[in-house]
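**Q** this one's sequence-less:
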């Protein structure tokens, strides 16, 4: 009789805990999202939280279309989630690997039929795993990747063949984030399966997972089109609708989906399913490359980031008037999806930081007082964005992408952006202090950078553990410096 009472108590105790959890997330999320929407003029936001294998919170806020007063729905509002396509592409590649159709360690050229990656001048070929971790060594090449007219969309293979960027380094040397790595993987999927990329993903991933509101078709079907949100930019105290664009590199940025469908995808990492093996999912949530032993790295599909010593994985999607981000919090067995129909890209990062602050203990052990106090003069200099374009007129923007490192008397360093810095989240000016050899933490926020040495032992590289994990190379010659190039540029205009 006593054992029965204990069982009943435990049963109702578990129900109580389960019932309280959505309420505390609901109150926190309502307060946070509504405040951010008002402060930053965001028309609509969709938020879903999954935990322990199920959706425990799902809500849409505001409008999917202001003019028609259409409410935004976490379940049915369709967004162009752009680069979250890269996560789905990685999953599709991993599925081919688990079926034995490809070897992740093999050169990708072994499987490509319509395109080839140049191996001239390099000791190491680009392997499939390099493309999955964005360590293939491509330069940045983003001009012309989209069109506003779907009738001008180019076939994926033809577009990649015509626009293939140059390699500038051996693979596995640094993160070189860009669209072409995932575009090449899309061509790989087509060449191996003999099917169009979008059709293969729909058949092998979307349909088995019940992702009925997701598609790589451009334009989307009439059914999904009727559910599609309007994208906005807020300018001059007005919400300005933004026309939707179409991606030539569909496997890198052509995904449309809903918050609920993305939740269904993230749930595969918490529940057994018939689509992926546990081994595959483990590989997708295990860091496969990091430039420093304690700096955030890259998995087969996700980017990793640390917040107060908690580790989470994420993927970001940015379109002209909508932003998307998905998070996996493995230590908390939690996932979060946040979509919004504005060009405000900060709400997701603010939310995840506030979420940790509210519900989980601060595990930070690093402080300015216990920093490593060694000479930081060796880090001084200007570091060039490693992937700066080399093939077209956009290489002029190299002069606005540098990072300057200044050594301070208290053994800290000042990290100063010399212009726009879209890839390492290092814009503006911050003070960093050293916490481990070659590893530094920002005094202002939870952000980390690391330095790397060349073959001669000299400090030559700067790596970011945030954003797109941008990589930078120390400038050795004065006439390569952004300051000198800016001087020349201004002298000619």
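**A** Arrived safely, thanks for sending. Since the model is a prediction, treat every value here as computed from it, not as a measurement.

**Q** contacts and neighbour counts: CA atoms only from here.
**A** Fine.

**Q** helices or strands up against whichever strand or helix holds residue 450?
**A** Here residue 450 sits within strand 448-453, counting by DSSP states H and E. Using 3 or more CA pairs under 8 Å, 6 or more residues apart in numbering; DSSP states H and E, the elements in contact with strand 448-453 are strand 439-442, strand 459-464.

**Q** which among those is found nearest to residue 75?
**A** Among the helices and strands packed on strand 448-453, the nearest to residue 75 by CA to CA is strand 459-464 (34.8 Å).

**Q** gap between the strand holding residue 450 and the chain center?
**A** Mean-position distance between strand 448-453 and its chain equals 20 Å (CA atoms, centre = their mean, to the nearest Å).

**Q** quick check: the closest residue in space to residue 433 that isn't next to it in sequence vs residue 331, distance?
**A** Leaving aside its chain neighbours, residue 433 sits nearest to residue 412 (4.7 Å; criterion: CA to CA, 6 or more residues apart in numbering). Going from residue 412 to residue 331 by CA to CA, to the nearest Å gives 32 Å.

**Q** which one's more surrounded, the two?
**A** residue 412 (25 against 9; other CA atoms under 10 Å).

**Q** looking at this protein, which helix or strand is least sure?
**A** helix 482-491 (a mean of 51; mean pLDDT, DSSP states H and E).

**Q** and residue 323, how many residues sit next to it?
**A** So residue 323, with other CA under 10 Å, has 27 neighbours.

**Q** with residue 143 instead?
**A** Other residues close to residue 143 by other CA under 10 Å number 11.

**Q** check the one 10 residues further on too.
**A** Per other CA under 10 Å, the neighbour tally for residue 153 reads 18.

**Q** how about the one 4 residues further on?
**A** Here the count is done by other CA under 10 Å, and residue 157 has 21 residues near it.

**Q** for it, which non-adjacent residue is closest in space?
**A** residue 187 (5.7 Å).

**Q** tell me which element the one you found falls in.
**A** Short version: residue 187 belongs to helix 179-193, going by DSSP H and E.

**Q** who are the contact partners of residue 270?
**A** 52-53, 333 (CA atoms under 8 Å, 6 or more residues apart in numbering).

**Q** hang on, residue 26 in a helix?
**A** Yes: assessed by DSSP: H, G, I helix; E, B strand; the rest coil, residue 26 belongs to a helix.

**Q** that one contacts residue 57, correct?
**A** Yes: counting by CA atoms under 8 Å, residue 26 touches residue 57, with 7.0 Å between them.

**Q** was I right to think the residue nearest to residue 157 contacts residue 112?
**A** Yes: assessed by CA under 8 Å, residue 187 is found in contact with residue 112 at 7.3 Å.

**Q** quick one: which of those two has more around it?
**A** residue 187 (26 against 19).

**Q** report the contact partners of the more buried one.
**A** Counting by CA under 8 Å, 6+ apart, residue 187 has contacts 112, 156-157, 197.

**Q** if I look at it, how far off is residue 83?
**A** 16 Å.

**Q** what about the residue nearest to residue 287 when sequence neighbours are not counted, neighbour count?
**A** In space, not counting the residues next to it along the chain, residue 287 is nearest to residue 299; the distance is 4.3 Å by CA to CA, 6+ apart. Under the neighbour criterion other CA under 10 Å, residue 299 is assigned a count of 22.

**Q** could you shift the numbering so residue one becomes 4, and keep it that way?
**A** All set: I'll call the first residue 4, so the last point we hit is now residue 302.

**Q** hmm, residue 285 and residue 302 touching each other?
**A** No: in this structure, residue 302 is not within contact of residue 285 by CA under 8 Å, at 9.7 Å.

**Q** list the buried residues of the strand ranked longest in the chain.
**A** For the chain, the longest strand by residue count, based on DSSP state E, is strand 57-68. Judged by neighbour count (16 or more other CA atoms under 10 Å), strand 57-68 contains these buried residues: 57-68.

**Q** JSON lines for those residues, including pLDDT and distance to residue 292?
**A** Listed next are the buried residues of strand 57-68 as JSON lines, based on pLDDT from 0 to 100; distance: CA to CA, whole Å:
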{"residue": "57", "pLDDT": "96", "distance to residue 292": "30"}
{"residue": "58", "pLDDT": "97", "distance to residue 292": "31"}
{"residue": "59", "pLDDT": "97", "distance to residue 292": "32"}
{"residue": "60", "pLDDT": "97", "distance to residue 292": "33"}
{"residue": "61", "pLDDT": "97", "distance to residue 292": "33"}
{"residue": "62", "pLDDT": "98", "distance to residue 292": "35"}
{"residue": "63", "pLDDT": "98", "distance to residue 292": "36"}
{"residue": "64", "pLDDT": "98", "distance to residue 292": "37"}
{"residue": "65", "pLDDT": "97", "distance to residue 292": "39"}
{"residue": "66", "pLDDT": "98", "distance to residue 292": "40"}
{"residue": "67", "pLDDT": "98", "distance to residue 292": "38"}
{"residue": "68", "pLDDT": "98", "distance to residue 292": "41"}
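
**Q** re earlier: and the helices and strands packed on strand 451-456 as CSV, adding mean pLDDT and distance to residue 185?
**A** CSV is the format used below for the helices and strands packed on strand 451-456 (pLDDT from 0 to 100; distance: least, CA to CA, whole Å):
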stretch, mean pLDDT, distance to residue 185
strand 442-445, 96, 29
strand 462-467, 97, 21
